[in-house]
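Q: any chance you could fold what I've pasted below:
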Amino acid sequence: MTTPSVDSQTDRRGVTVITLNRPDKRNAFDDRIISELTTALTDAAANQACRVVVLAGAGRHFSAGADLGYMQRTAELSREDNIEDARRLARLMQVLDQLSVPTIAKVQGAAFGGAIGLICACDMAIGADNVRLCLSEARLGLTPAAIGPYVVRAMGPRQARRYFQSAEEIAAAKAVDLGLLHEQVPEPELDKRIESLVATLLRNGPVAMAAGKALVGRIAGADNDTSLIEHTASVIADLRTGAEGQEGLRAFFEKRSPDWAVTS
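A: Purely as a prediction, here's the structure:
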């Protein structure tokens, strides 16, 4: 029997913990984990007993981003198939973003690429002091398109311009400054801090919190509509199937610098 890539458990209080469960792969994304995570979030949304969702990663890392085999497969897909693939990732982000219950990202270790989209789509993000974040797509000749609306909303366009292009690693304290994390705590205290925040949320009115979330979205004009999702899907499909993206991915798997990289 195949072990699920995503584990979802709801306790008697209505706290649903959804865990990326590929610790041997640093919880890297592939089409299977995207599908299973979307299903787990959809099930949580439909569960009237669910009061809070905590999104976590098993093992030492939250998620290392895209799985190597998955990246290789997307490089071989047609533009049309790449658009469909990008829509599935965009759908995952949208489902997480639009859950009516409070959502918390519990982050430790590495959080690269699409993992940052999950963090930014959550209402709250608490990180351990060993967190390293990176919008690494530019290194492969790509850009964080499907997750872009959520990341830009969190860190603002000025900072996003830098990190979408530089692909610099971001330490926990800097991630707090940028708005990618709400706070950092010593790694041994992460579970305790998450539980404290969950307890705080459980004291609040569920209808009031759902209304508050919807109100923020309305005030900020942050509705992620279909046209924006379609645009982001087209952007990543064009880059994946274009000459630069193809060269970037080939170079990555061949463990060499891409032909457009300038080295001293």
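Q: for the rest of this, base every contact and every neighbour count on C-alpha atoms.
A: OK.
Q: contacting residues around the lowest-mean-pLDDT helix or strand in the chain?
A: In the chain, no helix or strand scores lower on mean pLDDT, DSSP states H and E than helix 226-241, which sits at a mean of 80. With CA atoms under 8 Å, 6 or more residues apart in numbering as the test, helix 226-241 has contacts from 74-80, 82-84, 86-87, 90, 141-146, 148, 245-246.
Q: buried subset of the residues you listed?
A: Applying 16 or more other CA atoms under 10 Å to the contacts of helix 226-241, the neighbour count classes 74-75, 79, 82-84, 86-87, 90, 141-146, 148, 245-246 as buried.
Q: in the helix or strand encompassing A111, what counts as buried?
A: Using DSSP states H and E, A111 maps to strand 110-112. Buried residues in strand 110-112, defined by neighbour count with 16+ other CA under 10 Å: A110, A111, F112.
Q: can you list these in JSON lines and add pLDDT and distance to L55?
A: Shown next, in JSON lines, are the buried residues of strand 110-112 (pLDDT from 0 to 100; distance: CA to CA, whole Å):
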{"residue": "A110", "pLDDT": "97", "distance to L55": "15"}
{"residue": "A111", "pLDDT": "98", "distance to L55": "13"}
{"residue": "F112", "pLDDT": "97", "distance to L55": "15"}
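Q: just those now: which is nearest V198?
A: Lowest distance from V198 to these (CA to CA) belongs to A111, with 22.0 Å.
Q: list the contacts of that closest one.
A: H61, F62, S63, A64, G65, V131, R132, L133, C134.
Q: tell me, how many residues neighbour the closest residue to the first one other than its chain neighbours?
A: Right, H61. Closest residue in space to H61, ignoring its immediate chain neighbours: G109 at 4.3 Å, by CA to CA, 6 or more residues apart in numbering. Close neighbours of G109, defined as other CA atoms under 10 Å, add up to 23.
Q: with E195 instead?
A: E195: 12 neighbours (other CA under 10 Å).
Q: so how far is the least confident helix or strand of the chain from its chain's centroid?
A: Here the centre of mass of C-alpha atoms in helix 226-241, compared against the chain's by CA atoms, centre = their mean, to the nearest Å, lies 17 Å away.
Q: buried residues in that helix?
A: I229, E230, T232, A233, S234, V235, I236, A237, D238, L239, R240, T241.
Q: so which of those comes closest to G156?
A: Closest to G156, out of all of the buried residues of helix 226-241 and judged by CA to CA, is T232, at 17.4 Å.
Q: could you measure from the closest one over to L239?
A: To L239, T232 is 11 Å away according to CA to CA, to the nearest Å.
Q: hang on, the earlier thing: ok, and what's touching the following helix or strand past the strand holding A111?
A: Elements were assigned by DSSP H and E; along the chain past strand 110-112, the next helix or strand is helix 114-121. Defining contact as CA under 8 Å, 6+ apart, one finds that helix 114-121 is touched by 29, 62-66, 93-94, 96-97, 105, 107, 125, 133-135, 144, 147-148, 150-151, 154, 180-181.
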